[in-house]
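Q: no sequence for this one, just the structure:
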């Protein structure tokens, strides 16, 4: 007799009464050390009490996450952010006032209240005040910050709706809260404000130019983690955000050129899905073609959902049309390059 599988409860939030009931249920589980999947404006997060090392360890176990990859903590206001920061530099104040609540994570010196498991043993912690009303309400109800990486198996595609979470983690957790489609669609921008000038650790949909404008004369620099160095932020591993199918970023002149490149890859045309914004192919026998908007913000909202769909349709290869130039496309290019590694 096969063992009974746990199936996550899925709670909707589309009325005020359902919203309040879901907040109370999520907070109840979080207070007992459980992990739950919650919506944010970036992607869905797998949340636990950030001050409870055993609860955070359950996140790592559910995701299969490597211990050296730190987790961002989520707060509900500036006061909570400052409480868990060992220092609050002027650069943090400028960025928080400009972009919080929203898809920006600040790397700050940590306090002793934050367990080592959250920071991968490092001296800093990533802190974010999300703009999603449900995530804010749960943190307020709990009264403690939430550790919340993306609600997916480690290194795979981040989820942007409750169904994505259900299909990958639905038998490993007790609760998924359905807050609709994530409105940003990719993970937060991460800036390290423990250095001078601050360093961009992970690009996101808050662009370099906007960050630099908020910082003024202080400026912003790019940073790449050094091999063997303690990671200050998630999203710095070479392979990340990956679908099950093999992904390649290509440009092509016409259908003949696309076919030639697929043959060179060893890709079977019928098992290949193509994701484009302008060079729409009419190649006979393709497994499928997805056309998503030629606008960076709309593209980001749609991208992970399209990659999930390609996986669900059994694609062996996903070909993504090369992106335009411009700072607004930097974060999307970063995610696609890591997915193709």
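A: That came through fine. Quick caveat, the model's predicted, so the values are computed rather than measured. Numbering: from 1, shown residues only.
Q: any weak-confidence spans in the protein?
A: 1-5, 224-229, 234-240 (pLDDT under 70).
Q: tell me where it has helices.
A: 16-31, 53-63, 78-83, 90-99, 116-119, 133-142, 162-169, 208-215, 255-265, 296-312, 330-340 (DSSP state H).
Q: in the second one, what counts as buried?
A: Neighbour-count burial for helix 53-63 flags 55-60, 62-63 (criterion: 16 or more other CB atoms under 10 Å). (Glycine included, C-beta is placed from N, CA and C.)
Q: and if you look at the longest one?
A: Going by neighbour count (16+ other CB under 10 Å), the buried part of helix 296-312 is 296, 299-311.
Q: from those residues, which is closest to residue 108?
A: Closest approach between those and residue 108, by CB to CB: residue 300, at 25.8 Å.
Q: got a list of what that closest one touches?
A: 184-186, 205, 331-332 (CB atoms under 8 Å, 6 or more residues apart in numbering).
Q: redo that, cut-off 6 Å
A: 185-186, 205, 332 (CB atoms under 6 Å, 6 or more residues apart in numbering).
Q: now it: closest residue in space, sequence neighbours ignored.
A: Spatially, and ignoring its direct neighbours in sequence, residue 300 is nearest to residue 185 (4.4 Å; CB to CB, 6 or more residues apart in numbering).
Q: can you pull the domain assignment for this protein?
A: 9-222, 246-340 (automatic domain parsing).
Q: deepest of these, which one?
A: domain 9-222 (a mean of 20; mean count of other CB atoms under 10 Å).
Q: and it, how far from the chain's centre?
A: 9 Å (CA atoms, centre = their mean, to the nearest Å).
Q: gap between residue 258 and residue 243?
A: As judged by CB to CB, to the nearest Å, residue 258 and residue 243 stand 19 Å apart.
Q: coming back round to it: and which of the contacts of residue 300 is nearest residue 126?
A: residue 186 (15.9 Å).
Q: list the contacts of that closest one.
A: Counting by CB under 6 Å, 6+ apart, the residues that residue 186 touches are 300, 335.
Q: likewise residue 249?
A: 320, 322, 336, 340.
Q: let me have those in TSV, extended by distance to residue 12.
A: TSV is the format used below for these (distance: CB to CB, whole Å):
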residue	distance to residue 12
320	32
322	39
336	32
340	35
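Q: pull the most distant pair out of the residues you listed.
A: Longest span within the contacts of residue 249, CB to CB: 322 and 340, 11.5 Å.
Q: touching, residue 331 and residue 203? I think so.
A: Yes: under the criterion of CB atoms under 6 Å, residue 331 makes contact with residue 203 at 4.0 Å.
Q: and the strands in the stretch 101-250 of the chain?
A: Listed in chain order, the strands of the stretch 101-250 of the chain (DSSP state E, counting those that start in this stretch) span 104-109, 124-128, 146-147, 175-178, 189-192, 199-202, 221-222, 246-250.
Q: just send these back as CSV, with distance to residue 211 too.
A: Compiled in CSV, these are given as follows (distance: least, CB to CB, whole Å):
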stretch, distance to residue 211
strand 104-109, 8
strand 124-128, 15
strand 146-147, 24
strand 175-178, 30
strand 189-192, 6
strand 199-202, 7
strand 221-222, 11
strand 246-250, 25
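Q: for residue 29, find the nearest of the ones you listed.
A: Nearest of the strands of the stretch 101-250 of the chain (CB to CB): strand 175-178, 5.7 Å.
Q: counting contacts, what elements does that closest one pack onto?
A: strand 9-12, helix 16-31, strand 36-38, helix 162-169 (3 or more CB pairs under 6 Å, 6 or more residues apart in numbering; DSSP states H and E).
Q: tell me what angle the last one forms with helix 53-63.
A: With axes from the mean of the first three to the mean of the last three CA atoms, to 10 degrees applied, the angle from helix 162-169 to helix 53-63 works out at 90 degrees.
Q: ok, and what's touching helix 162-169?
A: Helix 162-169 has contacts (CB under 6 Å, 6+ apart) with 10, 37, 44, 151-153, 159, 176, 178, 308.
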